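Trainee: this one's sequence-less:
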């Protein structure tokens, strides 16, 4: 068994350098034989089981093969079971098991897996002495599990605890440690998530700083370096909504392009990287009006979808992003083919999304917007009714406190107001204003969407004044429209419309 294990270690080192799947397959074959040949009670059994679990989990990251992930969890559980409490290596096995369980949750969305991942992650952290060499890894994995649970259940305490664990992971890991870059990258993602939730610029700046430090910690051109660049692109694109600085947007696109270039076709991460690039290109189009950027956004969005397996849970989000770019191009060119394709992509996104996927709400809201736009062009009331239905489902799928709820309320307001203008139904207009008021009330001052939500509400109040002649509505429309302008920085492309 020892010879087989040594062979597996050498093959794994070559796989880590080359990415050659044949080497990884050989690793699994060799260490699997080593495990089979190791008798119960042998002190080397637990380590070989854990090594097998890690290799199977790595292969599942490439192939999305459920049986590999199940096999990894089984091997990790056996490694924990055959190791006595108090053995320092048991902490590593617990942490590895938590990583496998978290990965399976991300694929199958079984909340029991995530709860188990957090439980074993906490066991590893709480049992590890402060000077344990892998304490940073234990903290980082626990932080990721807590972050996933926040994304699922929207409990802010989980998000704060995730960031605290991830910051500790970085703090206990010395510069030069090969894992420090990974811990910084994980921290970047959590800080960006909290920025999106609460709108605190301090979190956004810290996210950008962590992404830059993470990228600098890896060899330029490596897959890890370029994944960090993609994370940096996401945070820089978000900062543009605050500052309007075109240099941030150019840097985001450059970073995203480098990330895509480093991942060959067929790599499971490539689709997400392409979609991220497309989002940045679409954002620059909205700032500059350069149609070349929008065409490139649509093209990269399509590549993201075609290069991702239909069984991959990420496909729903990629389809939704593509739909947004197609709708944006229709609004610029008037090409009905793009709008129909946007709606088709939106419907496909909903079909692929799991019923309790936390991203389902944003997909429903995006589909609703596309349907409303088609109604505005073609006048088919069925499209408008479907848009309202999608908007109502989006709100139902996003409980109070959900990051995107205010935006979904504002979008639903637009659809209800449009139907009221078409049918004369005052109940729709009252419901539109109610949704708009909720959107404004739940958007913190300084949030990037604050101006847009205020402007939408102002327009709805103006429409009601036009229908009823109510001076109070006119005064309120002027007041909130003025707030919309005040909340929007000079140079923002939407400020003139407000």
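Mentor: On my side now, so go ahead. In this text, all values refer to a predicted model and were calculated from it rather than measured experimentally.

Trainee: flag every buried residue along the lowest-mean-pLDDT helix or strand in the chain.
Mentor: Least confident helix or strand, the chain: helix 2-18 with a mean of 84, by mean pLDDT, DSSP states H and E. Across helix 2-18, burial judged by 16 or more other CB atoms under 10 Å covers 4, 5, 7, 8, 11, 12, 15. No exception for glycine: its C-beta is placed from N, CA and C like everyone else's.

Trainee: not including adjacent chain positions, what is the nearest residue to the second one?
Mentor: Using CB to CB, 6 or more residues apart in numbering and skipping the chain neighbours, the partner closest in space to residue 5 is residue 34 (4.7 Å).

Trainee: what sits against that neighbour?
Mentor: With contact taken as CB atoms under 8 Å, 6 or more residues apart in numbering, residue 34 is in contact with 1, 2, 4, 5, 8, 48.

Trainee: gap between residue 178 and residue 352?
Mentor: 36 Å (CB to CB, to the nearest Å).

Trainee: ok, those two, which is more surrounded?
Mentor: The residue with more neighbours, out of residue 178 and residue 352, is residue 352; 20 against 10, by other CB atoms under 10 Å.

Trainee: surely that one meets residue 315?
Mentor: Yes: if you go by CB atoms under 8 Å, residue 352 and residue 315 touch, sitting 5.1 Å apart.

Trainee: can you count the residues close to residue 126?
Mentor: Neighbour count of residue 126, defined by other CB under 10 Å: 10.

Trainee: offset the numbering so it begins at 81, please.
Mentor: Let's use 81 as the start, then, which means that last one is residue 206.

Trainee: same question for the helix or strand it falls within, mean pLDDT?
Mentor: Assigned by DSSP states H and E, residue 206 falls within helix 191-207. The average pLDDT for helix 191-207 rounds to 96.

Trainee: list the buried residues in it.
Mentor: Quick answer for helix 191-207 (16+ other CB under 10 Å): 193, 194, 196, 197, 198, 200, 201, 202, 203, 204, 205.

Trainee: of those residues, closest to residue 486?
Mentor: residue 194 (26.5 Å; CB to CB).

Trainee: distance check, the closest one against residue 459.
Mentor: As judged by CB to CB, residue 194 and residue 459 stand 46 Å apart.

Trainee: any weak-confidence spans in this structure?
Mentor: 81 (pLDDT under 70).

Trainee: show me what the least confident helix or strand of the chain is packed up against.
Mentor: In terms of contacts (3 or more CB pairs under 8 Å, 6 or more residues apart in numbering; DSSP states H and E), helix 82-98 is packed against helix 101-117, helix 125-143.

Trainee: relative to helix 125-143, how tilted is that helix?
Mentor: Here the directions of helix 82-98 and helix 125-143 differ by 30 degrees (axes from the mean of the first three to the mean of the last three CA atoms, to 10 degrees).

Trainee: how much distance is there from helix 82-98 to the middle of the chain?
Mentor: Distance, stretch centre to chain centre, for helix 82-98: 33 Å (CA atoms, centre = their mean, to the nearest Å).

Trainee: stretch 449-466 too?
Mentor: Per CA atoms, centre = their mean, the centroid offset for stretch 449-466 relative to its chain is 29 Å.

Trainee: kindly report the same for stretch 447-466.
Mentor: 28 Å.

Trainee: try stretch 382-395
Mentor: Per CA atoms, centre = their mean, the centroid offset for stretch 382-395 relative to its chain is 15 Å.

Trainee: do the same with stretch 263-281
Mentor: On CA atoms, centre = their mean, the centre of stretch 263-281 falls 11 Å from the chain's centre.

Trainee: list the buried ones in it?
Mentor: By neighbour count on 16+ other CB under 10 Å, the buried set for stretch 263-281 is 263-277, 279.

Trainee: just those: which are in helices?
Mentor: Among these, DSSP state H puts 263-277 in helices.

Trainee: circling back: can you say which of the helices and strands packed on helix 82-98 is packed in most?
Mentor: Among those, helix 125-143 has the highest mean neighbour count (mean count of other CB atoms under 10 Å), at a mean of 22.

Trainee: helices and strands around that helix, which ones?
Mentor: In terms of contacts (3+ CB pairs under 8 Å, 6+ apart), helix 125-143 is packed against helix 82-98, helix 101-117, helix 146-161, helix 168-188.

Trainee: these: which one's closest to residue 503?
Mentor: If you check each of the helices and strands packed on helix 125-143 against residue 503 by CB to CB, helix 168-188 wins as the nearest, at 43.8 Å.

Trainee: now the closest one: buried residues?
Mentor: For helix 168-188, burial by neighbour count (16+ other CB under 10 Å) applies to 170-187.

Trainee: and for stretch 395-414?
Mentor: By 16+ other CB under 10 Å, the buried positions in stretch 395-414 come out as 395-410.

Trainee: element containing residue 209, please.
Mentor: Using DSSP H and E, residue 209 falls within no helix or strand.

Trainee: nearest spatial neighbour of it, skipping sequence neighbours?
Mentor: Closest residue in space to residue 209, ignoring its immediate chain neighbours: residue 215 at 7.8 Å, by CB to CB, 6+ apart.

Trainee: that neighbour reaches residue 207, doesn't it?
Mentor: No: using CB under 8 Å as the test, residue 215 is too far from residue 207 to be in contact (10.4 Å).
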